[in-house]
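J.: kindly generate the corresponding structure for this input.
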Amino acid sequence: MMNLSSVFLIFTGFLAELFASQVVSLKGTAVLFCYRTQNTPAEQQDVIWRIAEGQLVAQWSRGRFTAGPGYEGRVQLSEKGIEGGNFSLTISPVEYNDEGSYDCFTGFDHLAVVTLGVSVSTDRNITAQVGDPVTLPCYANVGKQANLSHLNIRWEKDGQTVLDIQSGTGSGFKNRVSLSPDRVRTPEGISLSIAGRQSNITIQSPESLFLPLHTKEPVHVLFSSGGCTSVSVCTVEGDSVDCGPQYQHRASVHNSTLMLEYTTPADSGVYRVMDNRTNDTINTVSVSVTVSPTVLFPLLSLLLLLGAWCCYG
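T.: Numbering: from 1, shown residues only. This next block holds a predicted model:
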């Protein structure tokens, strides 16, 4: 006769088999275990995995496999395993929103409940060079069937808005930050991408060139053209500017912007704004200075006249 302690041990073992939990790293592989003692051809089996909300995760029905919404291409059931009673579900790569309780059924039998947790690195210190692009990670558990268009996502820096998915970009980050609500359920989550400061400017000679410095801290501006060694343009500290001989008579600073007057095609090239203290690149600007037709045509006429004078003079 079976005593009470034996019954307790059997019942405890049954609960341990029915209820299980595991924690998997983001983008890793999770195997949710579910078994039944049998040896039946896979073509005669019906296996269903659902998440707690009742949403379909994966289904094997008489030899046909179906992945639930949001799990396409990420879930697998082994046909060979099913024949031997192994209904374990593989999820890879794991997304943050895969967290939850999963139920395994065959027919009307409820075989297992597996709670899946998703771990994310707690390291939130990100180092990047000034001017370089960077991605700031962030994850949120959003229901698999939630309407993403209704999400209210906002990034802030020092209490100031960087990006609000509803109202737009904050001051100082225009055309440099991006976030896609469609990716909130992917391994990227609601990460914020910040592009490095790079721009292209085309002006006509002798128009003035305006180079944004993007800081009030001391900087120096370098210029290079055609792969040649960089030359110093100016050193700027506040409203004070100290420039090289070819720039000192046509350079000035206003509102953290360096202005170069009376440009010529020789000013075409790449300008880099460098932090004086760290020597990091803050801003890179590619400049093309073209010659205005009102200047080019008289110049060509003059050259033709000079050529004619040389020939007949």
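J.: pLDDT of stretch 227-241, averaged?
T.: Mean pLDDT, stretch 227-241: 90.
J.: state the distance spanning the first to the last residue of that stretch.
T.: Start-to-end span of stretch 227-241 (C-alpha to C-alpha, to the nearest Å) is 26 Å.
J.: check stretch 237-254 too.
T.: Across stretch 237-254, first to last residue, C-alpha to C-alpha, it's 11 Å.
J.: stretch 35-48 too?
T.: Taking C-alpha to C-alpha, the first and last residues of stretch 35-48 lie 13 Å apart.
J.: could you list the low-pLDDT ranges of the stretch 101-250 of the chain?
T.: The model of the stretch 101-250 of the chain has pLDDT under 70 over residues 122-123, 129-132, 143-149, 171-172, 175, 180-189.
J.: can you pull up the most central residue in this protein?
T.: Centroid-nearest residue in the chain: residue 193, 4.4 Å away (criterion: C-alpha atoms, centre = their mean).
J.: that residue touches residue 135, doesn't it?
T.: Yes. Residue 193 is in contact with residue 135 according to C-beta atoms under 8 Å; the separation is 5.1 Å. For the C-beta atoms, the positions are set from N, CA and C on the backbone; glycine is no exception.
J.: rewinding a little: name the SS class of the residue nearest to the centre of the chain, please.
T.: strand (DSSP: H, G, I helix; E, B strand; the rest coil).
J.: same thing with residue 81?
T.: The local conformation at residue 81, judged by three-state DSSP, is helix.
J.: give the contact list for it.
T.: With contacts defined as C-beta atoms under 8 Å, 6 or more residues apart in numbering, residue 81 is in contact with 87, 88.
J.: how near is it to residue 75?
T.: Here the criterion is C-beta to C-beta, to the nearest Å. By it, residue 81 lies 14 Å from residue 75.
J.: domains in this protein, as residue ranges please.
T.: 4-119, 134-194, 198-293 (automatic domain parsing).
J.: show me where the stretch 51-200 of the chain has its strands.
T.: With strands called from DSSP state E, counting those that start in this stretch, the stretch 51-200 of the chain shows them at 56-61, 64-67, 75-77, 89-91, 100-106, 109-119, 134-136, 154-157, 160-164, 168-169, 177-178, 192-194, 198-205.
J.: residue 31 is nearest to which of the ones you listed?
T.: With C-beta to C-beta as the measure, strand 89-91 is the member of the strands of the stretch 51-200 of the chain nearest residue 31 (5.3 Å).
J.: distance check, the residue nearest to the centre of the chain against residue 157.
T.: Going from residue 193 to residue 157 by C-beta to C-beta gives 14 Å.
J.: okay if I get the domains of the chain as JSON lines plus distance to residue 125?
T.: Shown next, in JSON lines, are these (distance: least, C-beta to C-beta, whole Å):
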{"stretch": "domain 4-119", "distance to residue 125": "18"}
{"stretch": "domain 134-194", "distance to residue 125": "11"}
{"stretch": "domain 198-293", "distance to residue 125": "17"}
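J.: include distance to residue 42 when you put the strands of the stretch 51-200 of the chain into CSV, please.
T.: Shown next, in CSV, are the strands of the stretch 51-200 of the chain (distance: least, C-beta to C-beta, whole Å):
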stretch, distance to residue 42
strand 56-61, 7
strand 64-67, 10
strand 75-77, 9
strand 89-91, 15
strand 100-106, 12
strand 109-119, 16
strand 134-136, 43
strand 154-157, 48
strand 160-164, 49
strand 168-169, 53
strand 177-178, 45
strand 192-194, 44
strand 198-205, 56
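J.: out of those, flag the one nearest residue 24.
T.: Among the strands of the stretch 51-200 of the chain, strand 109-119 comes nearest to residue 24, with 6.2 Å by C-beta to C-beta.
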